[in-house]
Every structure is written in structure tokens, then in C-alpha cells.
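Asker: Here is a sequence together with a model predicted from it:
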Amino acid sequence: KGLGVNRDIKVIHVGVDSNVFNLGKGKAYLESGNPKILTVARLHQYKGLSYLIEAIKIVSRHLPETKLYIRGKGPEERKLKEQAKDLGLGKHIAFLEKPMPNEEMPYLYSECDIYVQPSLVEPFGITVLEAMACEKPVIGTRIGGMLDTIEDGKTGMLVPPANPEALAEAIIELGDAHERRRMGNNARRRVMEKFDWGIIAREYDQLLKLF
């Protein structure tokens, strides 16, 4: 009704290949940290990475071995690096700058303990699904597609955008390895049941049969 359309609307999500994105081992990209936190994003203001960096300052007081790995390029790169330096987070934050073949992305996700997507704007967020397929709990913001992909408290956690305190609280809660495994297993299961390309293809096939 909000769209002004007087008929049923079916939403078919973007999918992920669970045969490609799954828990596995390859070349080591994340060398240290407990927990190891990963985010993969364009280094732009709308990705909310400055709030994640602020959160790591809080988290480091509770989980002193935590380490955030940021992979991406963009106009905010220099600013984010300066922010991390100014906050004294040199040993807690690393920017992954070496080229990485796309086929090795599943290994990168598999190495982390927690995946975080702190976006201020996110129409969908395919990296969230990729991390979930690799059995990782995901912390995301309550916006856009993450409201559909992440089940709060089951496959990960949803927090308000632009809120470093809430991000930190969620990360600290997932400092519990048992809780990470529980949510990670649920995340993989959710992808297999709802977002695998095989499921999405069948939904398209059923839709086309209506015409």
C-alpha cells in the first residue's frame, strides 16, 4: 500500500552460491586476533566504518586481543586510517591492502570470527550473505536488506546505525565462542533455506510460470 500498488508483490532476493561460499581453509590473510573481526566494504562515509572504528576502541578494553580487519578501497581510506591511529588502535585494526582473487573470498570469510556490516545505507548487502554462508555470525545495522537477511539473536545481531556503543556491545557479546558457533551454524542454515541460488532460481521459475 505504501508503494501505491493495488496488487500482491512478491520479493525475490539476491542469492549466494553456497557451494562456493562455505567454511574452508586457504591462504592465511588474518594473522592474529581473538576475536578476529572482518568487514568488507567500499571505504565511503555511507558504510559507517568510522563508527565501527570507534566501537573497537570500546571493545579493546574488554577484549584486549580483538582485531578488526578492513578490506576495501574508497575516498575515506586516509581519513579512516588517521582515525584508527589517533585512537591508538594500531594493534587492533589492520587494513587489508594486498590484492586478493575473488575466488579466495570464501577463505577470508572463513578466517574471521565475526563479520560486521555497520552501514548507514545498504540496499541489500551481499557480503552479509557471503559471510553467513561461511558460517559466520553477522552484526549489522537495522536498515535495508539486513532486516531481511539477519535474524537478530539467531544468525547474528542487529543494532541501530551510527551507534558505536551498540556495535561494541554486540561484538563483546559475541566474544563468547560458543555463541559465535551457534549463530554461525544458524546463519549457514538460513542461507541454505532461503538465499541459496538454487532456491532463488526456483522462485524465478515459479514466477515466470504465471505469465
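Answerer: Arrived safely, thanks for sending. Numbering: from 1, shown residues only.
Asker: low-confidence ranges in this protein?
Answerer: Applying pLDDT under 70 to the chain picks out residues 1-5, 7.
Asker: 90 instead?
Answerer: 1-14, 24-28, 31, 98-102, 199-211 (pLDDT under 90).
Asker: Show me what counts as buried in stretch 77-86.
Answerer: 77, 80, 83-84 (16 or more other Cβ atoms under 10 Å). Backbone N, C-alpha and C define where each C-beta goes, glycine included.
Asker: How far off centre is that stretch?
Answerer: Relative to its parent chain, stretch 77-86 has a centroid offset of 21 Å by Cα atoms, centre = their mean, to the nearest Å.
Asker: Please enumerate residues in contact with it?
Answerer: By Cβ atoms under 8 Å, 6 or more residues apart in numbering, the surrounding residues in contact with stretch 77-86 are 43, 49-50, 53, 70, 90, 93, 95.
Asker: One more pass at 10 Å, please.
Answerer: 42-45, 47, 49-50, 52-54, 56-57, 68, 70, 72, 74, 76, 89-90, 92-95, 97 (Cβ atoms under 10 Å, 6 or more residues apart in numbering).
Asker: Pull up the pairing partners for the strand or helix carrying residue 139, direction included.
Answerer: Assigned by DSSP states H and E, residue 139 belongs to strand 138-141. Using DSSP bridges, strand 138-141 pairs in its sheet with strand 114-117 (parallel), strand 156-159 (parallel).
Asker: And the next helix or strand past that strand?
Answerer: Sequence-wise, the next helix or strand downstream of strand 138-141 (DSSP H and E) is helix 146-149.
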